[in-house]
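> I would like to see how this sequence folds:
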Amino acid sequence: MIRKSLLLVAAGLLLSTVSARAQEVYGSALHAYRIVTVVEGLERPWGMTFLPDGDLLVTEKPGRLRIVRDGVLLPDPVPGVPAVHSEGQAGLFDVLPHPQFVSNRLLYVAYADPNNGASTTHVIRGRFENDRLSDIEDIFIAVAEGRNGHYGGKLAFDRDGYLFITTGDRQAPSTGDLEAHLAQDLSNHHGVTVRLHDDGRVPDDNPFVGRDDALPEIWSYGHRNMQGLVIHPDTNDVWTTEHGPQGGDELNRDQAGLNYGWPVIGYGVNYRSGSTIHEGTMREEMEHPDHFWVPSIAASGLMIYTGDKFPEWQGNIFAGGLAGQQLARLTMSVDGRTVEREETLIQGIGRIRDVRQGPDGFIYVSIEDRRGAPTSIVRLEPTE
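I've put the predicted structure just below:
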C-alpha cells in the first residue's frame, strides 16, 4: 500500500510538472516554444508514427499498439499484434506505415520475439484496417540472440522505397579480442543496419551480396545499439544514433558497406569500473562518428525537421535522450552532412524515447518514465 501511494504521488508530480510546463515559455537560440501535453496515461511509449489521416500510432513497451485519434487515446489496444517478449529492454519497439499506405494499408511493426526463450528482433507487416492488424507476414528475423537488451528495432523507408532496420549487439561481451566481437562478424545480425525491399527480399545492390562470409541483407555493421533512425528527405542519407557504453553515444551517417567500429574504437568506458574498452577513438578502416556525446545522453529517437512552424529549425536533426532527459537540436551544414552546433532543449522533462514531426508541423515527443508514473506524449509549439 505504501509503495502504491508513493507511485501515485510520483505520478501526480510528473503530470503536474508537465502541465505546469505547458504554461511556460522556453527560449532557444532561434525560437521560443511552449510544451503542450497531447495525451497521458500510456505505459512506457517507445515508438510513434502518424498515419495519412492524422491518427497517431504509439507502441507501448509491454506489447500494445495504441491509437490517438483527434487528441484522444482510444481505450482499447489494436488487436492482431503478435506476442511480445517484454523483459529488460525487450518489448514492442517501432511502427511504420508503408509509403503507399493509403492504397495498400500495410503497417510494419518491430518487436522482441519471444522465440521460445531466445528472443530476437523481429519485423512483421500486416494490413491495418478498421483499427486492427491482420494478414501478418514475416519481413525480417534477426540472427542475433542474447540477453534482454540491445535490440535496436527502429524502422524507416527511404525515398526509393527500401526498408531500413536497426539491430543491437545484444550485449555481447567486449572483452578479449575486440575484432572477434559479434558486431564485427558479418555472418550474424549483431549491431547492423539492414536494407530490404518492402516485402523482405534482399536488394541485388546491397553491399555484401555475393559474399560467402556475409549475410546479404546487411547494409552496415560495427554498431552497438541503434535506437535512432531517420532518412534525410533531400539527400536520402541514412542517419542513426546509437548508445555507447558509459560515454560515447554516436550520431552516424550510415553508409553502405562501412564498419562503424564497435567495440574496437569509441569514446566510452566500462560501467562501474571505468576501465578501458576500446583500442582508441579512431582507426583508418573504421568510421568515426559524425557527432558524439560524452557523457552519454542515451540517444533514442531521431528526426530531421522540415515543417513550417519552426522555420529557423528546418534541416536540423533532433535526437532524444533517455539518461540525459533532453532533446538535442543539431544544426547542420548547408549540404546536410556536417554537424555545426548543438543546443539542448526541454531538459529534465523525463526520459525521451522518441521524437517525430507531426503533419501539423509541431514536434512530438514521447516521454517514458521507468518509476511507474503515467507517461505522456507532448509537443513543442512556437510562441511569440
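
> any stretches of the protein with poor pLDDT?
1-23, 370-374 (pLDDT under 70).

> show me where it has helices.
2-21, 101-104 (DSSP state H).

> what residues sit buried inside the shortest one?
So that's helix 101-104. The neighbour-count check on helix 101-104 (16 or more other C-beta atoms under 10 Å) flags Phe101 as buried. In short, each C-beta sits where N, CA and C put it, glycine included.

> equivalent analysis for stretch 145-156, please.
Buried residues in stretch 145-156 (16+ other C-beta under 10 Å): 145-146, 148-156.

> quick one: which of those residues is nearest to Ala319?
Using C-beta to C-beta, Lys154 comes nearest to Ala319 of these, at 12.3 Å.

> what residues are up against the closest one?
Contact partners of Lys154, counting by C-beta atoms under 8 Å, 6 or more residues apart in numbering, are 47, 93-94, 110, 165-166, 226-229, 240, 302.

> quick check: it vs Thr241, distance?
Distance, Lys154 to Thr241, using C-beta to C-beta, to the nearest Å: 9 Å.

> joint contacts of these two?
Taking C-beta under 8 Å, 6+ apart as the criterion, Lys154 and Thr241 both touch 226-228, 302.

> out of those, who's nearest Gly27?
Leu302 (24.1 Å).

> not counting its neighbours along the chain, what's nearest that closest one?
Spatially, and ignoring its direct neighbours in sequence, Leu302 is nearest to Gly228 (3.2 Å; C-beta to C-beta, 6 or more residues apart in numbering).

> count of residues packed around the one you found?
28 (other C-beta atoms under 10 Å).

> return the residues in contact with it.
Taking C-beta under 8 Å, 6+ apart as the criterion, Gly228 is in contact with 154, 239-242, 251, 299-302, 319-320.

> tell me which of these fall in strands.
Mapping these onto strands (DSSP state E) picks out 239-242, 251, 299-302, 319-320.

> and the contacts of Gly228, which is closest to Phe292?
Minimum distance to Phe292 across the contacts of Gly228 is 7.1 Å, recorded for Leu251 (C-beta to C-beta).

> quick one: which of the buried residues of stretch 145-156 sit in strands?
With DSSP E as the criterion, strands contain 155-156 from among these.

> Serialize the buried residues of stretch 145-156 to TSV and add fields for distance to Ser333.
Below are these laid out as TSV (distance: C-beta to C-beta, whole Å):
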residue	distance to Ser333
Glu145	40
Gly146	37
Asn148	39
Gly149	35
His150	31
Tyr151	32
Gly152	28
Gly153	30
Lys154	24
Leu155	27
Ala156	22
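
> list just the nearest of the buried residues of stretch 145-156 to Asp53.
Leu155 (19.8 Å).

> against Leu107, how distant is the nearest residue to the closest one once chain neighbours are set aside?
Nearest residue to Leu155 in three dimensions, chain neighbours excluded: Leu96, at 4.2 Å (C-beta to C-beta, 6+ apart). Computed as C-beta to C-beta, the Leu96 to Leu107 distance reads 7 Å.

> okay then, goodbye and thanks.
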